[in-house]
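Asker: Can you look at this prediction? I've put the sequence above it.
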Amino acid sequence: MKVVIVGGVAAGASAAARIRRLDENAQIIIFERSGFISYANCGLPYYIGGTINDRDELTLQTPESFWERFRIDARVRHEVTGINAAEKTVTVRRLDTGKTYSESYDKLLLATGAKPAGAGIPGAGEDKVFTLRTVEDALRIREFAENAKPRTAAVIGGGFIGLEAAENLTELGVRVTIVEYADHLLAPFDRDMAAQLHTLFKSRGIGLMLGEAVTGFEQRDCGIVTKTSGGAEIECDMAVLAAGVVPDTGLAASAGIETGVKGGIIVNERMETSVPDIYAAGDAVVVKNFVTGESALVPLAGPANRQGRTAADNICGGNSVYKGSQGSSVIKLFDMTAAATGINETAAKAAGIDYDRVVLSPSSHASYYPGGQVMTLKVLFEKGTERLLGAQITGRDGVDKRIDVIAAAIRAGLKATELGGLELAYAPPYSSAKDPVNLAGFMIENLVTGKVKQFHYDEIGALCTENAFLLDTRTEGEYSRGHADGFVNIPLDDLRERMGEIPKDKPVYVMCQSGLRSYIACRILVQNGYDCYNFSGGYRFYDMINSGKAQPESAYPCGIEK
């Protein structure tokens, strides 16, 4: 069996190695357009910033090591320009010589990946406008940074690569401005959860221009000028175009292979395309969103590697299936970590799902053990079925652990209420006896069983004009340092004695710092005949969204909610 693979990065390299493990006699050829194979896309920004100093560390394999270990023929600087499915051949051009030739195949795997979006923006080809997709891209940016010593940079795009590029350029002493079309950074996050990231980046001296589209670049004596839809002109020494990616599927489309969302290659669960003996995997393919069941593009390294493995199994006569992607992701941003899995509120609304959510601010480990860090955890679930839909977490410690637990719970089909019953590892330096994931499950259980009702940050404005009583149960000191308009302060510990100050003919909306004391207050009030609602996320979350102030790093700075 002769297998030809187009693309030698995540999906392609993973598939090639798997095919060899399954079939020692197969002839395997990889064609890679760039000069490197099996390289770490996700590590490229850290090479720019110097965290990774040795360029060789960016490549997991070389053509030579692939041949020595696996007897796989990896040909870099070779571009496949055409597919003849009837004759089962591909046309290949050697980029170093321009020579073209034909290569036959028994099975063909397309792992062509994605390409940077925004290439059609006027001026995107200017010398000082960079993309960051390949090793060559990273080498060019680092060389420019070392030789030209840029003082300012515009980063176009607030996604993973854009934010990592902004972080690493900032660490080099470059003043960065991020231009993002959406109203918040990181598309997998809702705007409320992204607010903490906005505060973080501003605190590091990074300018944010949100809700702005880039309309062009222009080279001037001052450097490169980035023009926006709002009429702004950002003068910088360099610009990094990181406005997302689109599937690189021109080759597949020209061969008559069926495509779908944004031109992505349509495959079945076996990673087979519409043309016999042609498979596809990685950032170029349309997959099923594991949560909604809808078609989606999920350009992430983990899914790409698993898709390559699935395709390899089936190329070798197996019967593996890829059951969809849920977009689990994590990113380091300076001293903070942000992670997400499943869908956010925007996606839930678009899918027509009747959902609810809880927001909590637990400590990363036992509050009595030194060094606990606050994290903000948001979990979405479907009303009625209690199906877990997704989660978003920001914090400085323990974020990756919690997102992985919830990601596994979604994949396993656990109900949101079942999070409370998970038995997770505990020791004071690592967690609490009630882990943050357990706490989220307890909160959802309280909602589902009617023990508490809640309201959210985007509903507060309307409450001030309604016939409602707004109650803040924090201490007088906390209240004096900042509170939401219209809320009356009655500390939780005084509530039973001062309950007569609260009218029974109005619904009572209660807030505290994190949501715990207000929940306790609601339980007291409900059992005394009040119609009570607990604020989701607490004043800390409210203030984080609305004021943009830096938040305290310890979970409970006043030592109350331990």
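Answerer: All right, it came through fine.

Asker: Surely G308 is in a helix?
Answerer: Yes: assigned with DSSP: H, G, I helix; E, B strand; the rest coil, G308 falls within a helix.

Asker: Any idea how many residues pack against it?
Answerer: When neighbours are defined as other Cβ atoms under 10 Å, G308 has 30 of them. Heads up, the C-betas are built off the backbone N, CA and C, glycines and all.

Asker: I'd assumed G12 was in contact with it.
Answerer: Yes: contact criterion Cβ atoms under 8 Å: G308 and G12 qualify, at 6.5 Å.

Asker: list the residues that contact both of the two?
Answerer: L109, A111, A281, G282 (Cβ atoms under 8 Å, 6 or more residues apart in numbering).

Asker: What's the separation between T199 and L333?
Answerer: Here the criterion is Cβ to Cβ, to the nearest Å. By it, T199 lies 11 Å from L333.

Asker: can you pull the contacts of C222?
Answerer: Residues near C222 by Cβ under 8 Å, 6+ apart: E235.

Asker: Give me the buried positions along stretch 290-302.
Answerer: For stretch 290-302, burial by neighbour count (16 or more other Cβ atoms under 10 Å) applies to F290, V291, T292, A296, L297, V298, P299, L300, A301.

Asker: out of those, what pair is the most spread apart?
Answerer: Farthest pair in these (Cβ to Cβ) is T292 and A301. Separation: 22.0 Å.

Asker: thinking again about what came up before, taking the buried residues of stretch 290-302 one by one, which sit in strands?
Answerer: Those of the buried residues of stretch 290-302 mapping onto strands are A296, per DSSP state E.

Asker: neighbours of V179, just the number please.
Answerer: For V179, the count of nearby residues is 27 (other Cβ under 10 Å).

Asker: what's the closest non-adjacent residue to it?
Answerer: Counting by Cβ to Cβ, 6 or more residues apart in numbering, M209 is the residue found nearest to V179 once chain neighbours are left out, at 4.7 Å.

Asker: Surely the one you found touches A232?
Answerer: Yes: counting by Cβ under 8 Å, M209 does reach A232; the two are 6.8 Å apart.

Asker: Give me the more crowded residue out of the two.
Answerer: The neighbour count for M209 versus A232, taken as other Cβ under 10 Å, is higher for M209 (19 against 15).

Asker: measure the residue nearest to V179 to T376 for me?
Answerer: Counting by Cβ to Cβ, the gap from M209 to T376 is 24 Å.

Asker: per-residue confidence for G244?
Answerer: G244 is assigned a predicted lDDT (pLDDT) of 88.

Asker: That one - nearest residue in space that isn't next to it in sequence?
Answerer: With Cβ to Cβ, 6+ apart, the residue lying closest to G244 is A117, at 4.5 Å.

Asker: Equivalent analysis for L300, please.
Answerer: Counting by Cβ to Cβ, 6+ apart, L300 lies nearest to S329, which is 6.3 Å off, once chain neighbours are set aside.

Asker: how about the one you found, what does it touch?
Answerer: Neighbours of S329 in contact, by Cβ under 8 Å, 6+ apart: F160, P188, L300, A339, A340, T341.

Asker: Which residue is the nearest non-sequential neighbour of F144?
Answerer: Setting aside the residues directly before and after it, F144 is nearest to M238 in space (Cβ to Cβ, 6+ apart), at 6.4 Å.

Asker: any low-confidence regions in the stretch 301-450 of the chain?
Answerer: Across the stretch 301-450 of the chain, no stretch falls below the confidence threshold (pLDDT under 70).

Asker: just the helices in it please.
Answerer: Assigned by DSSP state H, counting those that start in this stretch, the stretch 301-450 of the chain shows helices spanning 301-315, 345-350, 399-412, 436-448.
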